[in-house]
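A.B. asks: what follows is a predicted protein model with its sequence.
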Amino acid sequence: MAAGIGYRVLPHTADTRIEAWAPAHAGCLEAAVCALVSTFADVKEMEAANSIEEEFDESTDKDLLVALLEQVIYLVEVVGVVPVTVDFVDEKEWPTCRVIRRGAARSCRDLGAGA
């Protein structure tokens, strides 16, 4: 991640809480995806094996964040792909954006439920 972009995973009784920050929308969403992925997989040293392009047109930042994180969960559970990087292609046309995710679930270390 670029300078000024970051996240942390916070303990919570029944689920996981994440915080993400960045100077721009795209960086904050990238950090949120990284935070979510870090709760179940170690992808820090992975190289992108392929790419999947998605398009989102949610009207609010909150809706876009929820849609993006739901899509990450879908890709992991249904397609078997873990995002390694997230690249926002059309941030200038916010809130419409295209997202490219890269990585393969078979290549990363599973951290299990105790992460």
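C.D. replies: That came through fine. Numbering: from 1, shown residues only.
A.B. asks: what helix or strand does the residue nearest the centre of the chain sit in?
C.D. replies: What sits nearest the mean C-alpha location of the chain, by CA atoms, centre = their mean, is Val33, with 1.8 Å. Using DSSP states H and E, Val33 sits within helix 25-38.
A.B. asks: let me see the backbone angles for Val43.
C.D. replies: For Val43, the backbone dihedrals are phi -120, psi 10 (criterion: degrees, to the nearest 10).
A.B. asks: right, and it touches Val76 too?
C.D. replies: No: in this structure, Val43 is not within contact of Val76 by CB atoms under 8 Å, at 11.2 Å. Every residue, glycine included, has its C-beta placed from N, CA and C.
A.B. asks: mind showing which ranges of the chain have poor pLDDT?
C.D. replies: Low-confidence segments of the chain (pLDDT under 70): 1, 90-115.
A.B. asks: centroid-wise, who is the farthest residue in it?
C.D. replies: Relative to the chain centroid, the chain (CA atoms, centre = their mean) has Thr13 farthest, 22.5 Å.
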